[in-house]
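Colleague: coords below, sequence missing:
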C-alpha cells in the first residue's frame with residue numbers, strides 16, 4: 001500500500017512541474033483567498049496521509065486508541081455474558097426478559113453470540129434448531145437437541161443427531177461416547193461394536209474397559225466362545241458359556257461359585273446332575289458348597305437340593321438355619337409352605353407360610369451395582385439407570 005502511494009506522489013509531483021500553471025482552483029473562506037493547483041492539493045492530501053502513517057509507528061497512538069475501544073467493547077460483552085449466565089442459573093425470569101431486550105446493544109442480531117444467547121435464555125427445540133443452521137454454532141445446537149431427545153427417551157432422534165455430529169465433528173470425544181451409549185439403548189449391537197473400536201482407536205477407553213464392553217457385546221451377538229476368551233471372569237459370560245458347553249459346566253460353575261455365587265449358576269449346575277442318583281447329586285452339591293461354604297446361597301442350595309430329593313427333614317432343618325441368620329423373603333416362605341404341605345402334610349402351617357409370602361419382600365436374582373435396581377433376569381443395560389454391564393447375580 002505504501003509503495004503504491006509513493007508511486008502516486010511521484011507521478012503527481014512530475015505532473016505538477018510539467019503543468020504547474022494549469023488546473024488552478026481558488027479556495028475562499030473566513031475572508032481569505034487561496035489559489036492552488038489541483039495537483040498540489042492532491043499531493044498535499046497524500047503527504048498528510050503518509051505523515052499520519054509515519055506517526056502511527058513510533059508513537060502507536062492510533063493502535064492504542066483502537067485497542068482501548070476494542071478492549072472496552074470486549075469487556076462489556078464479557079460482563080454481559082457473565083450476568084446472563086448467572087441470571088439463567090438463578091432462574092430469574094424477570095431478569096432474563098430484561099437481558100433479552102439489552103443483548104442487541106452488545107451483539108449483532110445475526111451474530112453467533114446472539115443466537116447462543118437466545119438458546120441460553122430461551123432453551124427450546126426451536127432456538128437450538130437455529131444454532132444448527134449456523135456453522136460456528138452447529139455443534140452447540142446438536143447438543144441442545146440431543147438433551148431434549150434423551151429426556152423424552154427418543155433414542156432414534158438422539159442417534160440421528162449423533163450420527164450427524166460424528167460425520168462432521170469426528171474428533172469430538174463426547175460424540176462417539178454418546179453415540180455408543182445410544183446404540184446400546186437401541187440394542188444396535190453391531191453398530192455399537194464398530195463405535196467401540198473407534199473409541200479404542202481414539203484412546204477413550206482403557207484396555208480393561210474395552211475388554212468388558214466388547215465381550216458383553218459379543219455375548220449379545222451370540223458369540224459366546226469369543227466373549228469368554230476375551231473376558232473369562234465375567235459372571236454373565238461364564239453362565240452363558242456353561243450353558244453352551246455342558247461338558248465344561250461343572251468346572252466353570254464351581255469356579256464361579258467360589259467368587260460370585262448366584263441362583264442361575266446353581267440352576268445350570270443342577271441340570272448337569274439332574275439325572276444322576278441322589279447319592280451322586282449330594283456329592284456334587286457338597287463339592288459346590290465347599291467352594292464358598294459361608295455364603296448365604298450355599299445354604300439356599302442345600303435347601304433346594306433337599307426339596308428336590310424330597311428329603312423333608314434336612315430341608316426343614318436348613319430352612320430353620322436360614323431364617324435364624326437371614327430375613328424372610330417371598331421365596332423362602334414358599335419353600336417353607338412346600339415343605340409343610342408335601343413333607344409333613346401340615347396344611348394349616350402351609351397356609352400360614354403362604355400368607356407370610358404375600359407380605360414378605362421378593363428377592364430377585366439380579367441387581368444393578370450402580371443403582372440397586374433388582375430384576376429377575378440378566379440385562380446388559382440396567383432398566384432403571386442405563387448403566388452398562390453393571391447387573392450382577394446375587
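Modeller: Okay, I see it. Predicted model, so just to flag it, every value in this text is computed and none were measured.

Colleague: that's a helix at residue 392, yeah?
Modeller: No. Residue 392 sits outside any helix when classified using DSSP: H, G, I helix; E, B strand; the rest coil, being strand.

Colleague: give me the beta-bridge partners of it?
Modeller: residue 367 (DSSP bridges).

Colleague: residues touching it, list them.
Modeller: Residue 392 makes contacts with 235, 236, 260, 262, 366, 367, 369, as judged by C-beta atoms under 8 Å, 6 or more residues apart in numbering. Using the backbone N, CA and C atoms, a C-beta is placed for each residue, glycine as well.

Colleague: pLDDT weak spots in this structure?
Modeller: Counting by pLDDT under 70, the low-confidence segments of the chain come to 1-123.

Colleague: all strands of it, in order?
Modeller: Listed in chain order, the strands of the chain (DSSP state E) span residues 24-29, 32-37, 366-368, 374-375, 391-393.

Colleague: residue contacts, the closest residue to residue 220 other than its chain neighbours?
Modeller: Nearest residue to residue 220 in three dimensions, chain neighbours excluded: residue 189, at 4.9 Å (C-beta to C-beta, 6 or more residues apart in numbering). Residues in contact with residue 189 (C-beta under 8 Å, 6+ apart) are 183, 217, 220, 221.

Colleague: between these, identify the one with the most neighbours.
Modeller: Within the contacts of residue 189, residue 183 tops the neighbour count with 24 neighbours, counted by other C-beta atoms under 10 Å.

Colleague: pretty sure that one sits against residue 159.
Modeller: Yes. The pair residue 183 and residue 159 passes the contact test of C-beta atoms under 8 Å, sitting 6.9 Å apart.

Colleague: okay, domains of this structure per the record?
Modeller: For the chain, automatic domain parsing gives the domain ranges 2-59, 245-326, 364-394.

Colleague: distance of the nearest residue to residue 378 once chain neighbours are set aside relative to residue 165?
Modeller: Among residues not flanking residue 378 along the chain, residue 236 sits closest, at 5.0 Å (C-beta to C-beta, 6+ apart). If you measure residue 236 against residue 165 using C-beta to C-beta, to the nearest Å, the figure is 32 Å.

Colleague: test my guess that residue 273 contacts residue 280.
Modeller: Yes. With contact defined as C-beta under 8 Å, residue 273 counts as touching residue 280 (6.7 Å).

Colleague: looking at the two, which is more packed in?
Modeller: Taking neighbours as other C-beta under 10 Å, residue 273 and residue 280 compare with residue 273 leading, 18 against 11.

Colleague: and that one, what does it touch?
Modeller: Neighbouring residues of residue 273 by C-beta under 8 Å, 6+ apart: 280, 281, 284, 285.

Colleague: next, count neighbours for the second one.
Modeller: The local packing count at residue 281 equals 17, with neighbours defined by other C-beta under 10 Å.

Colleague: could you do residue 297 as well?
Modeller: Residue 297 is flanked by 20 other residues according to other C-beta under 10 Å.

Colleague: equivalent analysis for residue 341, please.
Modeller: Residues near residue 341, counting by other C-beta under 10 Å, number 16.

Colleague: skipping its backbone neighbours, what lies nearest it in space?
Modeller: The shortest distance from residue 341 to any non-neighbouring residue, by C-beta to C-beta, 6+ apart, is to residue 350 (3.9 Å).

Colleague: residues in contact with that neighbour?
Modeller: Here residue 350 is in contact with 337, 338, 340, 341 (criterion: C-beta under 8 Å, 6+ apart).

Colleague: any idea how far it is from residue 259?
Modeller: Relative to residue 259, and taking C-beta to C-beta, residue 350 is found at 37 Å.

Colleague: likewise for residue 230?
Modeller: Distance, residue 230 to residue 259, using C-beta to C-beta: 18 Å.

Colleague: equivalent analysis for residue 391, please.
Modeller: Plainly put, residue 391 is 17 Å away from residue 259 if you go by C-beta to C-beta.

Colleague: more crowded one of these two?
Modeller: Under the criterion of other C-beta under 10 Å, the comparison of residue 391 against residue 259 puts residue 391 first, with 24 against 11.

Colleague: what residues are up against that one?
Modeller: Residue 391 neighbours (C-beta under 8 Å, 6+ apart): 236, 366, 367, 368, 369, 375, 378, 379, 380, 381, 382.

Colleague: among those residues, name the buried ones.
Modeller: For the contacts of residue 391, a burial check counting by 16 or more other C-beta atoms under 10 Å picks out 236, 366, 367, 368, 378, 379, 380, 381, 382.

Colleague: verify the stated contact: residue 315 with residue 308.
Modeller: No. Taking contacts as C-beta under 8 Å, residue 315 lies outside contact range of residue 308: 9.3 Å.
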